[in-house]
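Student: Here is a sequence with its predicted model. Questions after.
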Amino acid sequence: MTNQQRIDLIERFIREHKYADLQTLAAKFSGSLSTVRRALDALESRGVVRRHHGGASLVETDAVSQEYDFIARDQRHPEEKFAIASIVAALVKPGMTVILDGGSTTYAVARLLAEKRLQIITNSLPVASLFSDIGSAETIVTGGNIYSRLGVLVGPLCEQSFDQTHADLAILGGAGITESGIWNHNALIVAAQRKMIAAAERTVFALDESKFGRKALSLTSPFDARFTIVTNTRPAPAVVRSIATSGATLTVAAK
């Protein structure tokens, strides 16, 4: 394979999947990490990708790329989200049943899980599409009404789906984290997340530092001993104390 052929294949892969990490590209296209880095440098110089620590994401400029608000938000804090997603993905073992919601950091986790053999349960249309396109997981999509701005299913049918579900792990996002717990903006999304938490043995919240100290419309849940909170930097002392008092686990991604 020539260098140009490898660059073309990597470009096609990233255009299809929006993001790729160095290890995945090296394995798929028979190159060393340094060879992949050079290919990504070439694509970045053409404005095709944006380099991040450990990988690259597609630079999207057309209207279609902004179909869902969370995809636009996914371009914010990319290195922090990748660091958080890497830790969360490492918690997921082959054969697990995993619930994934529709947050931007959760979507970053989904990208890293796409090659694992899992059973995925989701109310997120983009997450379902991701696994349908590239994953080896069995994917179950809940019912519900489409909340089009985020591409998630909500409402009574969605909540009933989780009433009849058991999962090893739920991986969720949120709009804010304070000493009171995890917050989110939309009451229907909060209701669905509460059902996800109830359906799972353990719950991981993937939250970057932009969520610290922020309250939203509804408190999704106070901290619980079954929770793991994964962030990219240490929260305020009051939040750390509240997490510790509840018995929940706080994990901070290394910089």
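Tutor: Yes, it's here.
Student: distance of the closest residue in space to Pro126 that isn't next to it in sequence from Leu25?
Tutor: Closest residue to Pro126 apart from its sequence neighbours, by C-beta to C-beta, 6 or more residues apart in numbering: Gly151 at 5.1 Å. Yep, even glycine has a C-beta here, placed from its N, CA and C like the rest. Here Gly151 is placed at a distance of 27 Å from Leu25 (C-beta to C-beta, to the nearest Å).
Student: Burial check on the residue nearest to Thr122 when sequence neighbours are not counted, number of neighbours?
Tutor: Ranked by C-beta to C-beta, 6+ apart and with sequence neighbours excluded, the top spatial neighbour of Thr122 is Leu100, at 4.6 Å. By other C-beta atoms under 10 Å, the residues close to Leu100 number 29.
Student: quick one, phi/psi of Leu100?
Tutor: Backbone torsions for Leu100, taken as degrees, to the nearest 10, come to phi -130, psi 130.
Student: C-alpha coordinates for whatever helix or strand Ile171 lives in, CSV please?
Tutor: Here Ile171 sits within strand 167-172, counting by DSSP states H and E. Extracted in CSV, the C-alpha atoms of strand 167-172 (Å, rounded to 0.1, in the frame of the first residue of the first chain):
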residue,chain,number,x,y,z
ALA,A,167,-28.1,-3.9,31.7
ASP,A,168,-24.7,-4.3,33.2
LEU,A,169,-23.9,-0.7,32.7
ALA,A,170,-25.5,2.6,31.8
ILE,A,171,-23.4,5.4,30.3
LEU,A,172,-25.0,8.8,30.5
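Student: From the contact counts, what lies against whichever helix or strand comes after that strand?
Tutor: Heading C-terminal from strand 167-172, the first helix or strand you meet, by DSSP H and E, is strand 176-178. Judged by 3 or more C-beta pairs under 8 Å, 6 or more residues apart in numbering; DSSP states H and E, the packing partners of strand 176-178 are strand 181-184.
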